[in-house]
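> here is my input; please provide its structure:
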Amino acid sequence: MKAADWMPRSVRTSPSAPPRTTKYRRRHSCSWRSFIRVFTLRKVLVSVTLVPVFLLLAIVCQGIPSNYEDIRSFEHHLPQHSSSIHQPQYLRFPGHLWGFGFNNVLQEAILMSYLAYVSNVSFVFEDYTWSHLPLPWTIYDFALRPARIPFNALISGPTAGGPMPSAPNAPRAVSAEFYAQVCGPGSRKHIISSLNAPNDADGDVMIDWWVDQLASVREPCIEIDSSAHDVFDRHFFGNPRILSIWESLTRSPMLTDFAWSPLVQAAVSRNFAFLQPESAKDLYDAHSRKSLAGLVALHLRRGDYKRHCPNLAKWGADYMGINQHPSLPDRFDRSPYINDTNARLSYYLDHCWPSTEQVVEKLRDIRKEYPGLRRVYVLSNEWAWSLDGLKNALEEDGWDDLVSSTDIVLDSEQKHVAMAVDMAIAEKAEVFIGNGFSSLSSNVVMLRMAKGMEGKSNRFL
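As a prediction, the model looks like this:
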């Protein structure tokens, strides 16, 4: 073979063989065909099945709520639950509120126990109930929460079966568990309907009507059928008609002997470093009338109020009834804006959903009246990061610091009664600034004034 004829073996071809062509495999770009090839039906079904599993794991990882068994045991062993004690008449309200916020339930329970007290019968208190499902927990905001919380985890005092030092001969409230034993299925119950109750009358007229109905009952087990109409509905609490019973209510054991639960009080004491009391006794003594000097508590309602506030403007709502007490300096007057929809909405938002600038201005004005104020405690359902702007603005305006609901330290049991912890702090503050449309603010104002704090120390945004 000549050198010139030589070539590599790999490229030698037979004279009769056709020329070899290079083949290229086509690569599909990202398309619906490739998507289907990767995500087969089986994989899709597996993925969909795992989504709730991962959600459940994420929820459970946030912690399993307490069942408060120790507090239930405390309620079970209340002295009035002893069979050796003379049994009075019992008054139960099976149609009581459930599935609502704590303050809606609290204001109703206080009024119901007050009615029982003036009627000289024993009030039957219930759990704070969020759900009637058989499970001990329910899901709220992608976390587990107790479906039912014993009332003594939230409050103490006559409404929750506590003693009444100011009325030692009055029958004490009993738990629904005890009532079910004494007034079981075989017991005869006297049922009173709310059908003919004067639901649109002033509070004193309503109370007198119910007292008259109860006075003629001889059976030990009494239940109120409120299927026709709630005994005390939201319209009553949102109307100054409630003020007709103000003097009697604030002098009754329901408020004079009211106290937050030891669980709540422990949480307040645990956060003494944030609250900076002049004396630790100011926190430990549940009945202390001394305020936390230098502290202003601000109720800044957010969350669902973004929708609720415009609805209040549409309905033409006023402040809560208690928040219209004549001794309170801040009034809400919508009359100039009745015929101007936009101006009316703006007026409502100024008081219901104020901006950071408006809150800073309000606090500045309050500080002129109370020069000793230095610190702000914010009761809020807002996210912690959303309060940073307010915190910075207040520090620039000369306030020492801002502490909020998101800063305080709570254990696993106190976490689910945090709203009561907030209220206990607000009750002790030197000045309270509330949202006039809120039942939380209304209850705080009521408790502060019942303790003898000046009406002018309660303000509204």
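
> helices of the stretch 1-150 of the chain, residue ranges please.
32-38, 41-60, 69-76, 102-118 (DSSP state H, counting those that start in this stretch).

> weakest of those helices by average pLDDT?
Across the helices of the stretch 1-150 of the chain, helix 32-38 has the smallest mean pLDDT, namely a mean of 57.

> contact partners for residue 177?
75, 76 (C-beta atoms under 8 Å, 6 or more residues apart in numbering). Placement of C-beta: from N, CA and C, glycine included.

> again, but for residue 440
Contacts of residue 440 by C-beta under 8 Å, 6+ apart are 101, 103, 299, 301, 379, 419, 422, 423, 434.

> one more time with 10 Å, if that's ok
Residues counted as contacts of residue 440 (C-beta atoms under 10 Å, 6 or more residues apart in numbering) are 101-104, 106-107, 299, 301, 320, 379, 381, 419, 422-423, 426, 434.

> which of the residues you listed count as buried?
Among those, those buried by neighbour count (16 or more other C-beta atoms under 10 Å) are 102-104, 106-107, 299, 301, 320, 379, 381, 419, 422-423, 426, 434.

> number of nearby residues for residue 295?
The tally of other residues near residue 295 (other C-beta atoms under 10 Å) stands at 24.

> wait, doesn't residue 215 sit right on residue 120?
Yes: using C-beta atoms under 10 Å, residue 215 is in contact with residue 120, at 8.9 Å.

> who has more neighbours, the two?
In this view residue 215 and residue 120 are compared by other C-beta under 10 Å, and residue 120 has more residues nearby, 15 against 10.

> and that one, how far from residue 187?
20 Å (C-beta to C-beta, to the nearest Å).

> can you tell me the SS state at the nearest residue to residue 320 once chain neighbours are set aside?
In space, and not counting its chain neighbours, residue 320 is closest to residue 442: 3.9 Å by C-beta to C-beta, 6 or more residues apart in numbering. Using DSSP: H, G, I helix; E, B strand; the rest coil, the structure places residue 442 in helix.

> for residue 442, give me its contacts.
Contacts of residue 442 by C-beta under 10 Å, 6+ apart are 103, 107, 237-238, 242, 319-325, 434-436.

> how much space between it and residue 291?
Note on residue 442: its distance to residue 291, by C-beta to C-beta, is 19 Å.

> of the buried ones among the contacts of residue 440, which is the nearest to residue 262?
Nearest to residue 262 out of the buried ones among the contacts of residue 440 is residue 423 (C-beta to C-beta; 15.3 Å).

> list the contacts for the residue nearest to that closest one when sequence neighbours are not counted?
Spatially, and ignoring its direct neighbours in sequence, residue 423 is nearest to residue 444 (5.6 Å; C-beta to C-beta, 6+ apart). Shown in contact with residue 444 (C-beta under 10 Å, 6+ apart): 103, 297, 299, 322, 379, 422-427, 429, 432, 434, 438, 458.

> if we use 8 Å, what do you get?
297, 299, 423, 426, 427, 432, 434, 458.

> for the record, mean pLDDT for the longest strand seen in the chain?
Ranked by residue count, the top strand of the chain under DSSP state E comes out as strand 292-300. The average pLDDT within strand 292-300 is 97.

> other SSEs contacting it?
helix 356-369, strand 375-380, helix 418-428, strand 429-434, helix 439-450 (3 or more C-beta pairs under 8 Å, 6 or more residues apart in numbering; DSSP states H and E).

> for the first one, name the packing helices and strands.
Of the remaining helices and strands, those touching helix 356-369 by 3+ C-beta pairs under 8 Å, 6+ apart are strand 292-300, helix 388-396, strand 429-434.

> give me the residue ranges of the protein where confidence is low.
The chain contains residues with pLDDT under 70 at 1-44, 46-47, 51, 53-62, 83-85, 142, 286-287.

> what does stretch 317-332 rub up against?
236-243, 246, 334, 351, 434, 436-439, 441-443, 445-446, 449, 454-456, 458-460.

> how about stretch 298-316?
Contacts of stretch 298-316 (C-beta under 8 Å, 6+ apart): 334, 338, 344-345, 347-349, 352-353, 359, 363, 376-382, 386, 390, 426, 432-435, 437-438, 440-441, 444, 461.

> mind redoing it with 6 Å?
344-345, 348-349, 352-353, 376, 378-382, 433-435, 437-438, 441 (C-beta atoms under 6 Å, 6 or more residues apart in numbering).

> check stretch 262-282 too.
153, 283, 286, 288, 290, 292-293, 403, 408-410, 414, 417, 420-421, 424.

> and the strands in the stretch 101-250 of the chain?
Assignment of strands within the stretch 101-250 of the chain using DSSP state E, counting those that start in this stretch yields the ranges 122-125, 128-129, 137-140, 143-146, 148-149, 155-156, 174-175, 189-193, 221-225.

> hey, which of the ones you listed is tucked in deepest?
Burial of the strands of the stretch 101-250 of the chain is given as mean neighbour count (mean count of other C-beta atoms under 10 Å); strand 122-125 ranks first at a mean of 28.

> biggest separation within the contacts of stretch 262-282, which pair?
Using C-beta to C-beta, these span at most 29.5 Å, a distance reached by 153 and 293.

> and those two? Which one has more around it.
Legend: neighbour count by other C-beta under 10 Å for residue 153 and residue 293, higher for residue 153 (27 against 16).

> that one: what's it in contact with?
If a contact means C-beta under 6 Å, 6+ apart, then residue 153 has 68, 71, 261, 263, 417 as its contacts.

> how near is residue 243 to residue 182?
Distance of residue 243 to residue 182, computed by C-beta to C-beta: 36 Å.

> what's the answer for residue 429, then?
Plainly put, residue 429 is 42 Å away from residue 182 if you go by C-beta to C-beta.

> try residue 265
From residue 265 to residue 182 the distance is 31 Å (C-beta to C-beta).

> neighbour count: those two, which is higher?
residue 265 (19 against 16).
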